[in-house]
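K.L.:
from the sequence below, what's the structure:
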Amino acid sequence: MSNYFIWRNRYVEGKCVIGAPKQIEKAFQLERGISRAENWPAEVTCEMSQEFPKDIELTDNMHGAGFIVISQRLRDFISEYSVTGVEYLPVQILNHKKKLASKDYFILNPLTVIDCIDTEASEVEWSVVRKDFIESCARLVIRDEAIPADVHVFRPTHLPRRIFVRSKLVKALTEAGLESLYFSPAEQYQGV
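P.N.:
Residues are numbered from 1 along each chain as shown. A predicted model of the protein is given here:
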């Protein structure tokens, strides 16, 4: 079994798909491990996608926003698991008629960034735009010794758009019966 997984989301029929929040300036900071709690707008909203008009059920791990958007229930579980180094930025979900469906959602923003990828063993190809970001790799090799034992959720330095989760937490989340969770083994990552 993999020691680390990448937190993702995926389409599930019947579960709502949301668009990206529109009220966020410098949204790229949410992909770099930069804290946004201090200047977070009062009302950030994500609308249910008009392309999926029959998919209206809210779930714990929302699909589509471009970020990991989680329910209050999932946030509570992560907090009770003593996960540190993350912030939860409030997001309201609007239905297809632009009416409030829920105000109990959050963008999960891990602030811990760790230089933990063995770039040579991973045979990385670097981005032509951001020379320090990995574009693709033959296989992802994680240097386990670089990750402190008490860190459960983090971003790798050269893949900051990806959120990595320790396998123990993935197991606990899966066993807790939370909905629409999707994790892929980190070592299977090859790009995009």
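K.L.:
drop to CA atoms for contacts and neighbour counts, all remaining ones
P.N.:
Will do.
K.L.:
the strands in this structure, which residues?
P.N.:
All strands of the chain, identified by DSSP state E, fall at 4-8, 45-47, 61-62, 69-71, 86-94, 100-110, 113-114, 124-126, 134-137, 153-156, 164-166, 182-185.
K.L.:
among those, which is the most enclosed?
P.N.:
strand 61-62 (a mean of 26; mean count of other C-alpha atoms under 10 Å).
K.L.:
given that one, what are its sheet partners and their directions?
P.N.:
strand 69-71 (antiparallel) (DSSP bridges).
K.L.:
mean confidence for the partner strand?
P.N.:
Averaged over strand 69-71, pLDDT sits at 98.
K.L.:
ok, stretch 123-134 next?
P.N.:
pLDDT averaged over stretch 123-134 gives 92.
K.L.:
any idea how far it is from the chain center?
P.N.:
When distances are taken as C-alpha atoms, centre = their mean, to the nearest Å, stretch 123-134 is centred 21 Å away from the chain's centroid.
K.L.:
distance to Leu173 added to the strands of the chain, as a markdown table?
P.N.:
Formatted as a markdown table, these follow (distance: least, C-alpha to C-alpha, whole Å):
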| stretch | distance to Leu173 |
| --- | --- |
| strand 4-8 | 11 |
| strand 45-47 | 24 |
| strand 61-62 | 11 |
| strand 69-71 | 12 |
| strand 86-94 | 16 |
| strand 100-110 | 15 |
| strand 113-114 | 22 |
| strand 124-126 | 31 |
| strand 134-137 | 28 |
| strand 153-156 | 12 |
| strand 164-166 | 11 |
| strand 182-185 | 10 |
